[in-house]
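In: Predicted coordinates and the sequence they were generated for:
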Amino acid sequence: MGLSPESLIPGIISHYGLSAGNFSIERLGSGHIHYTYKLNAKKSYVLQRVNKNVFKEPEVIASNLRVAADYLGKNFTDFLFLSAIETLEGKEMVYDAEGFPWRLFPFFDNTFTVDKVSTKEEAFSAAAEFARLSRYLKDVDTSRFSPTIPGFHDLSLRYRQFETALKNATPERIQRAQEAIAQAKAFSHLVTEYETLISSGSLKLRITHNDTKINNVLFNANTGKALCAIDLDTLMPGYFIYDIGDMIRTFVSPVDEEEKDVSKITVRQDIYRALVDGYLSQMNDCLTPEEKKAIPFSGMMMTYIMALRMLADFLNGDIYYHIKYEGQNLVRATNQLRLLQELKTVNGNQ
């Protein structure tokens, strides 16, 4: 067993000229991937350990953010882009003894995050902020960015990974996931639709956030409006359907992907309309008519991707996402498959 992440914090922050004795430390967030902490003091910070098993080339994250920060700093001076603080040695990351990279960020007072969309106003404002990031980066040289997770939102790849997981899974896991497996196979036509859309060339490659959950937006406590997008590890070349699709996936249901009672999963159409309106308030002029037609598909595609990833992880023995109880990834997959069915129904009625 390695050392706990918390025990490493004093040594990590010493690289920034900070002493752990000057802070109270609390764990932040509900993410499945990283460890994130707030260092509380008169001047507070956010410290994060990046999961090297997910981001296998963490230096690519640093490079992408440096290119984006430089471009935005020159062209949009009033835009708040959250960059990592450099160490005393001028580095953007500190590596611990086990090879995990750590980063330090400023903490902004009078701000908050939310884990679930409650109002149309939240949906509109968050979607507009994610879209503003892409709009401001629309003319940046995308060749200067590299994928931080290759194939992250490649539906064809995710379906192949699901098939591989199914082939290698134990009989016991296959039996337990029998219904979810059948549902996942029933939506395989989305893979063909995705491949047709990508090969048509109708989607422009842009710099996108690629992880547009509501808790990746920082809100201003005084105005209630979105202040900036955060958690920029997946800022890389992608298609707009990845961003708006993941917003649809994570915004529209009144319950999140951890909900076991799938009868509670519905599509809140007022939230759906608000997030689309918010996104288009910034990106409308950047998107072609063909791209706009892909918005309904985007929500189904991203929901299907997550259902496949969670189901594959269950079949593989829960090796990717953190779980707190046995079968949690199957619960997540079943949840997302139900949302996918609800989105199909809504899209069919439009």
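Out: Structure received. Since this is a predicted model, take the numbers as computed values, not measurements.

In: going forward, measure contacts between C-alpha atoms and count neighbours the same way
Out: Noted.

In: Any idea how many residues pack against the residue nearest to A229 when sequence neighbours are not counted?
Out: Take A229 and drop its neighbours on the chain: the residue closest to it by CA to CA, 6 or more residues apart in numbering is V217, 4.5 Å away. Residue neighbour count, defined by other CA atoms under 10 Å, stands at 24 for V217.

In: Spatially central residue for the protein, please.
Out: When CA atoms, centre = their mean is applied to the chain, the residue found nearest the centroid is D211 (2.1 Å).

In: shouldn't that one be in contact with G245?
Out: No: the pair D211 / G245 is not scored as a contact, 9.9 Å apart, by CA atoms under 8 Å.

In: Next, the contact list for I305, please.
Out: Applying CA atoms under 8 Å, 6 or more residues apart in numbering, we find I305 in contact with 153, 155, 158-159.

In: just V331 next, same as before
Out: 258-260.

In: Swap in 10 Å and give it another go.
Out: Counting by CA atoms under 10 Å, 6 or more residues apart in numbering, V331 touches 177, 180, 257-262, 307, 310-311, 314, 337.

In: and the residue nearest to the centre of the chain, how far is that from R173?
Out: The spacing between D211 and R173, counted by CA to CA, to the nearest Å, is 29 Å.

In: likewise Y304?
Out: Taking CA to CA, one finds Y304 at 20 Å from R173.

In: follow-up on the earlier one: now for the residue nearest to the centre of the chain: which residues touch it?
Out: 130, 153, 230-235, 242-247.

In: pLDDT at it, what is it?
Out: On pLDDT, D211 comes in at 96.

In: Would you agree it falls within a helix?
Out: No: counting by DSSP: H, G, I helix; E, B strand; the rest coil, D211 is located in no helix; its state is coil.

In: For it, grab phi and psi.
Out: phi -150, psi 70 (degrees, to the nearest 10).

In: And the buried ones among the contacts of D211, selectable in ChimeraX?
Out: Applied in ChimeraX, the following selects the buried portion of the contacts of D211 according to 16 or more other CA atoms under 10 Å:
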select :130,153,230,232,233,234,235,242,243,244,245,246,247
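
In: Go through the contacts of D211 and say which is closest to T36.
Out: In terms of CA to CA, no member of the contacts of D211 lies closer to T36 than D231, at 10.6 Å.

In: The closest one reaches N216, doesn't it?
Out: Yes: assessed by CA atoms under 10 Å, D231 is found in contact with N216 at 5.8 Å.

In: Overlap of the contact sets of those two?
Out: H209.

In: Among the contacts of D211, name the ones in helices.
Out: Taking DSSP state H, the ones among the contacts of D211 that sit in helices are 130, 242-247.

In: between those, which is closest to Q328?
Out: Of all the ones in helices among the contacts of D211, D246 has the smallest distance to Q328: 20.6 Å, by CA to CA.

In: just to revisit the earlier point, which ones among the contacts of I305 are found in helices?
Out: 155, 158-159.

In: As a check, name the ranges of all strands in the stretch 51-200 of the chain.
Out: 94-95, 101-106, 111-112 (DSSP state E, counting those that start in this stretch).

In: Give me the sheet partners of the second one and which way each runs.
Out: Same thing as strand 101-106. Strand 101-106 has the following sheet partners, assigned by DSSP bridges: strand 45-49 (antiparallel), strand 94-95 (antiparallel).

In: Can you name the residues in contact with it?
Out: 9, 12-13, 16, 34-39, 43-52, 55, 58-59, 62, 82-87, 91-96.

In: Of those, keep whichever come out buried.
Out: By 16+ other CA under 10 Å, the contacts of strand 101-106 give 9, 12-13, 16, 34-39, 44-51, 55, 58, 62, 82-87, 92-94 as buried.

In: Need the contacts of V331 in CSV (columns: pLDDT, secondary structure and distance to I323).
Out: Shown next, in CSV, are the contacts of V331 (pLDDT from 0 to 100; DSSP: H, G, I helix; E, B strand; the rest coil; distance: CA to CA, whole Å):
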residue, pLDDT, secondary structure, distance to I323
A177, 98, coil, 17
A180, 98, helix, 18
E257, 94, coil, 13
E258, 95, coil, 11
E259, 97, coil, 14
K260, 97, coil, 14
D261, 97, coil, 18
V262, 97, helix, 19
A307, 98, helix, 15
M310, 98, helix, 11
L311, 98, helix, 13
F314, 98, helix, 10
L337, 98, helix, 19
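
In: Would you map the helices across the stretch 1-150 of the chain?
Out: All helices of the stretch 1-150 of the chain, identified by DSSP state H, counting those that start in this stretch, fall at 5-13, 58-75, 120-136.

In: With distance to P147 and mean pLDDT as added columns, please give those helices in CSV.
Out: Converted to CSV, those look like this (distance: least, CA to CA, whole Å; pLDDT from 0 to 100):
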stretch, distance to P147, mean pLDDT
helix 5-13, 26, 92
helix 58-75, 8, 95
helix 120-136, 16, 98
